[in-house]
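Trainee: Task: produce atomic coordinates for the following.
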Amino acid sequence: MTSITHKLRQIGKQLPLEQPALINDKESLSYNQLANRISKISYWITSSKINVIGLHIQNSIDWVVIDLACQEAGIICVPLPTFFSQEQLIHSIQKTGIDILFTENANIQSHFINSHQQISPIGLTATLYTLLLNTNINVSFPKGTQKVTFTSGSTGTPKGVCLSMEHQWQVADSLASTTPLSQTRHLCLLPLSTLLENIAGVYAPLLNSGSIYLSDDNTRGMGQSSQLDVNTFLAHLYDQAPNSIIIIPQLLSVLIQACQQGWQAPSSLHFIAVGGAKISADLITQAQAYGLPVYQGYGLSECGSVISLNTPNANQPYSVGKTLSHCRITIENNEIIIEGACHLGYLHHPSTWYPKKIFTGDTGYFTDGYLTINGRLKNTLITSFGRNISPEWVESELTVSIITQCMVVGDGQPYLSALISTAKHTSHSQIQTWINHVNQKMPDYAQIHSWIRINESAWRPLSTPNGRLHRPSVSQRFKLEIQNFYR
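Mentor: Down below sits the predicted model:
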C-alpha cells in the first residue's frame, strides 16, 4: 500500500493551497502540512523503538496525526474510548501491551506505569500526558495487526478487534466511492475512538479531498458516552455548517425534536449517516420530512465498520442500504453473514484468527438488493448510543444484595431501565440507594436510570423451571410499564 504521507501529498497537489485537510478552533492543516506533521511523529515513533501506542484523548488534530503516524511507522495503534471505566481502561492497556499511552487524564493509576511524563513530540500541538508503560505481557496479535479497536463489550470486559491497515483503507475507499461528496466539509461528532467515525469520518473524507473539523467534547456538547448538552450540540452544528456528519439514533432523535420546536438544520448539510443500532423506518421518514438528509447504514467492528449504506442515489428508509463494493453479504438460517471484510481476529484468541466469514448475530433479509435488519439472535441490548450491553451482566450486579429478581431493558433506548423485585420490607429509598451504589461501579452506558417494582410472584409463570426468565414473555407481560420508562 502507498504510504500515508505520499497519498496525502498526491491529493494535496490537486487542491488549492489554502484548502485544509484538518481544522479545529486554533489551527488548520493543509494536506501537505498534515503529511509533514505525520512524518515528524512517525520518525519519533521509529527512533523511540515503540511497538504499540495507546490513544486516550478527545477528538483533535493530534488524535488524527498520531493515528496516521502509527500507520506510517508500521506499528500498532490502540484507540481507547474516554468513556471507558478505569477498570475497562486498565484491562485494555494490559491486554495490548501498550508502550506509550497518550492521555489527557493524569490520574490513571496502574502498577505497570513506569513514569508520567509531560512531553510533546515534535509535531503535536497539545501537551499530553505520556505514560511510559511496563506491562511485561506476551501479547498475542494476529499477523498484520495495525489497529486494535475495543468494543464496549456485551459484558464489562471489552473485546479487542484486530484490523489490518489495508482493511481499514479498503472500507474507506468503498465509502468514498459510494457517497456523492467530493471535497466535503465533515464535522466529527462521534468520538474518534469509535471505529465508524475513525474510518468513515476521517479516512473516507480524506480520500475525497475533504476538510475535517475536529472539536473537543465540551465544544460538541458531549460529556460521557450517554450525556449530551443539547443546546451546545445544536449551536455547534449550526455554527460549523458541515456538509456531512455521522450520528447515532439518539442524536437523530435530538435533531428531530429540535426541528419540531422550530430549529432548522444548516442548509449546507447534505448527508447525515446514521448507524449503531436498529432504527425504525418511521423515524427515518420523519427526519427526512423535516429536511434532514438522513441515510441509514450498518456495520460491525469485526468488518472494519460499514458494510452497507443508503445514499441519495439509492435509498430505502426501511433498510440499512445496499452492500458496499468491498464485501459480500448473505443470509444463512436468517443470520447475516459477511465475507470479504473480515477482521484478523480477536486479541489473545488464536482460535478466532483469520476468519473467512463473520457471523454477525443479527437477523435480516434482502428486498430488491436492500438489507433490512430484524434484530439480535441473542439477548444483547443495543442502546440508541450504540453501546452493546449484556443484560445478564447488569442484572448479576443488581442482584448481589437486596434485589432478588430483575430484568434489564433498554434495547434501542438512550438508557437502561429495570423491572425489579425485593423483599416486602425493603423501602423505596433503600432500593434507590442500592441502585446508585451499583451504578457507581458501572460504565455510564450500563447504569440503571429508571426502575419499577414488581411483585415477586409475577415472575413465576414467566420463568423456566431453573428460574431463568423467559424474556419475551416478561416484555409482553409488562409492555406498558416498559413503555412508560421512555415516555
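Trainee: Kindly tell me how buried Leu300 is, as a neighbour count.
Mentor: Burial of Leu300, expressed as a neighbour count using other CB atoms under 10 Å, amounts to 21. Quick note: C-beta positions are derived from backbone N, CA and C, even for glycine.
Trainee: If it is in a bridge, with which residues?
Mentor: Beta-bridge partners for Leu300, by DSSP bridges, are Ser305.
Trainee: Backbone dihedrals for Leu181, please?
Mentor: For Leu181, the backbone dihedrals are phi -130, psi 90 (criterion: degrees, to the nearest 10).
Trainee: pLDDT value on it, please?
Mentor: In this prediction, Leu181 carries a pLDDT score of 79.
Trainee: mind checking how far it is from Gly276?
Mentor: Leu181 sits 20 Å away from Gly276, going by CB to CB, to the nearest Å.
Trainee: just Lys159 next, same as before
Mentor: As judged by CB to CB, Lys159 and Gly276 stand 17 Å apart.
Trainee: Report the buried residues of stretch 418-429.
Mentor: Going by neighbour count (16 or more other CB atoms under 10 Å), the buried part of stretch 418-429 is 418-422, 426.
Trainee: Settle it for me: which of Leu181 and Gly276 has more neighbours?
Mentor: In this comparison of Leu181 against Gly276, neighbours counted by other CB under 10 Å, the higher total goes to Gly276 at 25 against 20.
Trainee: who's in contact with that one?
Mentor: When contacts are counted by CB atoms under 8 Å, 6 or more residues apart in numbering, Gly276 touches 196, 248-249, 382, 384-386.
Trainee: make it 7 Å
Mentor: The contact partners of Gly276, taken as CB atoms under 7 Å, 6 or more residues apart in numbering, are 248-249, 386.
Trainee: go on, Lys356?
Mentor: Contact criterion CB under 7 Å, 6+ apart gives 339, 342 as the residues in contact with Lys356.
Trainee: And stretch 235-251, what's buried?
Mentor: Residues of stretch 235-251 classed as buried: 236-237, 240, 242-251 (neighbour count, 16+ other CB under 10 Å).
Trainee: now swap in stretch 40-51 and tell me
Mentor: For stretch 40-51, the neighbour count (16+ other CB under 10 Å) marks 41-45, 50 as buried.
Trainee: what is the mean pLDDT for that stretch?
Mentor: Averaged over stretch 40-51, pLDDT sits at 90.
Trainee: chain center to it, what's the gap?
Mentor: Between the centre of stretch 40-51 and the centre of its chain there are 28 Å (CA atoms, centre = their mean, to the nearest Å).
Trainee: ditto for stretch 144-154
Mentor: Going by CA atoms, centre = their mean, the spacing between the C-alpha centre of stretch 144-154 and its chain's C-alpha centre is 11 Å.
Trainee: Need the contact partners of it.
Mentor: Outside of stretch 144-154, the residues within contact range by CB under 7 Å, 6+ apart are 71, 76-80, 92, 96, 158-165, 168, 195, 301, 344, 347, 380, 387-390, 445.
Trainee: Glu397 and Leu462, how far apart?
Mentor: Separation of Glu397 from Leu462 (CB to CB): 21 Å.
Trainee: circling back: would you reformat the contacts of Gly276 as TSV and include distance to Ser3?
Mentor: What follows is the contacts of Gly276, written out as TSV (distance: CB to CB, whole Å):
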residue	distance to Ser3
Ile248	33
Pro249	38
Gly386	32
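Trainee: Doesn't Leu371 lie inside a strand?
Mentor: Yes. Applying DSSP: H, G, I helix; E, B strand; the rest coil, one finds Leu371 inside a strand.
Trainee: Which pLDDT does the model give it?
Mentor: On pLDDT, Leu371 comes in at 97.
Trainee: and it, how many neighbours?
Mentor: A count of nearby residues for Leu371, using other CB under 10 Å, gives 24.
Trainee: ok, it touching Ser308?
Mentor: Yes. Counting by CB atoms under 7 Å, Leu371 sits close enough to Ser308 to count as a contact (5.0 Å).
Trainee: Can you check which residues contact both of the two?
Mentor: With CB under 7 Å, 6+ apart as the test, Leu371 and Ser308 both reach 298, 320-321, 323, 329.
Trainee: picking up where we left off before, pick the one among the buried residues of stretch 418-429 closest to Phe84.
Mentor: Proximity of the buried residues of stretch 418-429 to Phe84 was ranked by CB to CB; the top entry is Ala418 with 22.9 Å.
Trainee: Beta-bridge partners for the closest one, please?
Mentor: Beta-bridge partners recorded for Ala418 (DSSP bridges): Val408, Trp451.
Trainee: Tell me which stretches of the stretch 51-200 of the chain form helices.
Mentor: Residue ranges of the helices in the stretch 51-200 of the chain, as given by DSSP state H, counting those that start in this stretch, are 61-73, 86-96, 165-178, 195-198.
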